[in-house]
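J.: Based on what follows, work out the 3D shape:
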Amino acid sequence: MNKKPTYTQKKTIMEKEERKQILSENSRFDMTKKHHKETYEEAKTIGRMDEDFIPLCDYIIKTKNYFTSSSCAGRIALIGLGEDETKQESAFYRKWHRTVKESEVLEAVHEFKGTVLWFKQEPLILHLGTNNLENAKKILTLCEKAGIKRAGIKVAKKGKFITEILGTQNINAPIKEGKMSVNDEYLKYLVEKGNEKFKKNQELIEKLYELTKKELK
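T.: The predicted structure follows:
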């Protein structure tokens, strides 16, 4: 007749199962981290990584508990839209991952043949992954210290947490709807403000990088 397992035996079985689960989660995380590291290194090799984010991402891939899944260091762009102005119809007419000159923006705007055109200065966006909730909270605390107000946990699964970090320096301004909605002076103003915000965005990335080196291992 089979004896029922004792309390100690049950505890041992539960501990073994818990260790097995932890090992499984660690294994999945290691595979995920490896995949994103390879993807990042490939993107950097073919020149698809924003240079402003390379120092931070280079550091992250060397850590034990973190990885980057996607990033954009911010940009200035002219977005062309269809008549319905839907997201599906939108397309980059021009985009720059740097400050821009008034002349190149004015020239591009006056050459535009479409119906609707917007001037945009877009902020940084960064997705950082980690292996547990505690480390995800460390990322959010780091963002607070950097002065980033828009950051949160986007994915929360066992062995995989993804945080989304989004800057707040941005401009969205319509400049053409059928006909020009603004004059050259206002376009120059948008360029000036767009460049100012882009530089602040770069400063934020540098601050985030310095804090990351201190806080994330």
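J.: For the helix or strand hosting residue 134, buried residues please.
T.: Element membership for residue 134 (DSSP states H and E) is helix 133-146. For helix 133-146, a neighbour-count test (16 or more other CB atoms under 10 Å) marks 135-136, 138-139, 142-143, 146 as buried. C-beta coordinates here come from the backbone N, C-alpha and C atoms, glycine included.
J.: Please produce JSON lines containing those, extended by distance to residue 93 and pLDDT.
T.: Shown next, in JSON lines, are the buried residues of helix 133-146 (distance: CB to CB, whole Å; pLDDT from 0 to 100):
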{"residue": "135", "distance to residue 93": "40", "pLDDT": "96"}
{"residue": "136", "distance to residue 93": "37", "pLDDT": "96"}
{"residue": "138", "distance to residue 93": "40", "pLDDT": "96"}
{"residue": "139", "distance to residue 93": "35", "pLDDT": "96"}
{"residue": "142", "distance to residue 93": "36", "pLDDT": "94"}
{"residue": "143", "distance to residue 93": "32", "pLDDT": "95"}
{"residue": "146", "distance to residue 93": "32", "pLDDT": "93"}
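J.: just to revisit the earlier point, dump the helix holding residue 134 to PDB, restricted to CA.
T.: C-alpha atoms of helix 133-146 as PDB (Å, rounded to 0.1, in the frame of the first residue of the first chain):
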ATOM      1  CA  LEU A 133       9.100  42.700 -12.100                       C
ATOM      2  CA  GLU A 134      11.800  44.000  -9.700                       C
ATOM      3  CA  ASN A 135      14.100  44.800 -12.500                       C
ATOM      4  CA  ALA A 136      11.300  46.400 -14.500                       C
ATOM      5  CA  LYS A 137      10.600  48.700 -11.600                       C
ATOM      6  CA  LYS A 138      14.300  49.700 -11.600                       C
ATOM      7  CA  ILE A 139      13.900  50.900 -15.200                       C
ATOM      8  CA  LEU A 140      10.900  53.000 -14.200                       C
ATOM      9  CA  THR A 141      12.700  54.500 -11.200                       C
ATOM     10  CA  LEU A 142      15.700  55.300 -13.500                       C
ATOM     11  CA  CYS A 143      13.300  57.100 -15.900                       C
ATOM     12  CA  GLU A 144      11.900  59.200 -13.000                       C
ATOM     13  CA  LYS A 145      15.500  60.200 -12.100                       C
ATOM     14  CA  ALA A 146      16.100  61.200 -15.800                       C
END
